[in-house]
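Sequence and computational prediction follow.
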Amino acid sequence: MGEFSRRFFSIKNDREFRFLFKKGETCVNYAFVCYFRENKRRRNRCGIVTGKKIGNAVVRNRARRVIREAFRIFDHDLRQLTEKRYDFIFVARSQTAEQKSHKLLKLMKGKLLPVLAPELKKNG
């Protein structure tokens, strides 16, 4: 199997979601809102929230699929760049389901990488 074949590890407990909403840092753009915080685990974890305002079940599932795929690739890139591990929660917005996963990946890299790995800016 390839290096990208492994699924990401998800956050499922309500307590962990509430903790990240309260204590995590945020990154906002037109496609999603991201809450993140460094963890002491050996891997990055992700939770995805889609509200009913986004649309019907088909639209909400597409939004989750697109975010999940973009995060899977972003997670691999992040592990290559830094030793720190994070918990992420992505809150989908109305524009999320209309986007392609590579566009969301570009947003994740552009908005989150400078915040998560600031040492890259100093070196490169």
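The structure has been received and is ready for your questions. Since we're looking at a predicted model, the values are computed, not measured.

which phi and psi does the closest residue to Lys84 other than its chain neighbours have?
In space, and not counting its chain neighbours, Lys84 is closest to Glu38: 5.7 Å by Cβ to Cβ, 6 or more residues apart in numbering. Quick note: C-beta positions are derived from backbone N, CA and C, even for glycine. When read as degrees, to the nearest 10, the backbone of Glu38 gives phi -70, psi 140.

Give the burial count for Glu38, as a bare number.
As a burial measure, Glu38 scores 12 neighbours (other Cβ atoms under 10 Å).

just Ile89 next, same as before
Residues lying near Ile89 (other Cβ under 10 Å) number 23.

partners of the host helix or strand of it, with directions?
Ile89 belongs to strand 85-92 when assigned by DSSP states H and E. Strand 85-92 has these partner strands in its sheet, going by DSSP bridges: strand 32-39 (antiparallel), strand 45-49 (parallel).

So Lys109 is in contact with Asp75, correct?
No - counting by Cβ atoms under 8 Å, no contact exists between Lys109 and Asp75, whose distance comes to 11.6 Å.

of those two, who's got more company?
When Lys109 and Asp75 are compared on other Cβ under 10 Å, the one with more neighbours turns out to be Asp75, at 23 against 15.

Strand 32-39 and the helix or strand harbouring Leu105, what's the angle between them?
Assigned by DSSP H and E, Leu105 falls within helix 101-111. Angle, helix 101-111 to strand 32-39, by axes from the mean of the first three to the mean of the last three Cα atoms, to 10 degrees: 60 degrees.

contact partners of helix 101-111?
Contacts of helix 101-111 with the rest of the structure, by Cβ atoms under 8 Å, 6 or more residues apart in numbering, involve 27, 29, 31-32, 34, 66-67, 69-71, 73-74, 77, 96.

if you set the cut-off to 7 Å instead, what comes out?
The set of residues external to helix 101-111 that reach it, using Cβ atoms under 7 Å, 6 or more residues apart in numbering, is 27, 29, 31, 66-67, 69-70, 73-74.

What mean pLDDT does the longest helix seen in the chain get?
Longest helix in the chain by number of residues, with DSSP state H as the criterion: helix 57-81. Mean per-residue pLDDT for helix 57-81: 94.
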